[in-house]
Each structure stands twice: as C-alpha cells, then as structure tokens.
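K.L.:
Mind folding the following:
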Amino acid sequence: MLRTGYSLFIRISSFALACILGAGALSGCEKDDICVDGDTPLLIIKFLDDENPDNAKNVNRLRVLGLGKDEAVDTFLDRSTLDSIAIPLQPGETQTTFILILDSEDEEEMEIGNPDTVRFDYATREVFISRACGFVAQYENLESELQQGSENWIRNIEVENTSVQNLDSTHVSIFH
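P.N.:
So this is what the prediction gives:
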C-alpha cells in the first residue's frame, strides 16, 4: 500500500509540474509576438472630377502598371472602375513611376487604353514596429509629377499628405 500511495504521489506531482511548466512556457510569449500592424503602407489615390473638385469620379477600366513591369499592380482588381486605389511605393528607392491606363483593354494582345505616366518622389524611412513585425518602410516628402502628353486624361495631381505612414487618409488626389 505504501508503494501505491508513493506511486500516486509521483504521478500527481509529475502532472502538477508539467502544468506549471506549460503555463510558464505560455506566459513567456509577449503580446507583440504576433504581428498585427506590420505592413508597409500603400499610397492612397483618390480620383476627383476636374470640373467639380469636391466630387469623386470613377476611372473606367483602370489598369496600373509599374514602369518597366508587364504585370498590373495587384492591390486592386485589374481593369475595374474605381474612384480610389491603394498602390505600393518601392521601399529602398527614392521614386516609383506608374502608368495609369484609362479604358484599358487588350486588342490582339496589345493595350489600347489611354496611358498617363506619373512619378512619385519620396524619402524612405525604416520604422521599428515590434519584435514580431520588425521594420516597415514609411515615406516622407512625397511629391508627384505627371508626364505631359497631348492626350492626357489626367488634368492635375495634388499631394494631400506628404507623409505616407498609414491607410487612414488620401495621400494624392488626381483630377480628371
């Protein structure tokens, strides 16, 4: 009987020790071990009516290409009709150039829409978010330049917020 009682005591003690060690291991995780806010922010562009600047205006069948890229930006549905978009700037660079194509469509594998080229200049800043997220890029001193052409559908570009740190507000307004 003594052996049975001692054996039971050992089992209970082992179980209690395992529970204590398990709870200690779980409490070792910190709140920031899961990355929630660790994405580099996108550039928010709002399209507005050139004749009524207070009104949003859709861009029909919009396609956005990075200069020198064959694939459309994948942060929104390609060739969709939208009044705002979010697009990525290139971290580690000082500028990113996009081709914004109005009424984009393929005809015999050739793009037949109306393209305008827009360049964004900026300074990149690395910001530490947390141990789980690491660093993200944020952008400062944002400026824009529209390449002028005879058939530009974009009439004007205004930088609304020169700092791209989150997705809370419009950074750039494009009037068309």
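K.L.:
Let me know the pLDDT of Arg131.
P.N.:
What the model reports as pLDDT for Arg131 is 84.
K.L.:
ok, so what distance separates it from Arg63?
P.N.:
When CB to CB, to the nearest Å is the yardstick, Arg131 and Arg63 sit 39 Å from each other. (C-beta placed from N, C-alpha, C; glycine too.)
K.L.:
higher neighbour count, those two?
P.N.:
The residue with more neighbours, out of Arg131 and Arg63, is Arg63; 21 against 10, by other CB atoms under 10 Å.
K.L.:
Could you list every helix and strand in contact with whichever strand or helix holds that one?
P.N.:
Taking DSSP states H and E as the definition, one finds Arg63 inside strand 59-66. Secondary-structure packing of strand 59-66 (3 or more CB pairs under 8 Å, 6 or more residues apart in numbering; DSSP states H and E): strand 80-82, strand 84-87, strand 95-102.
K.L.:
could you redo the last one with a cut-off of 6 Å?
P.N.:
Contact analysis of strand 59-66 by 3 or more CB pairs under 6 Å, 6 or more residues apart in numbering; DSSP states H and E lists strand 95-102 as its packing neighbours.
K.L.:
mind listing what the next helix or strand after the strand it packs on pairs with, with the direction of each?
P.N.:
From strand 95-102 onward toward the C-terminus, using DSSP H and E, the following helix or strand is strand 106-107. Listed by DSSP bridges, the sheet partners of strand 106-107 and their directions read strand 110-111 (antiparallel).
K.L.:
buried set for stretch 80-90?
P.N.:
By neighbour count, and taking 16 or more other CB atoms under 10 Å as the criterion, the buried residues in stretch 80-90 are Leu82, Ser84, Ile85, Ile87, Pro88, Leu89.
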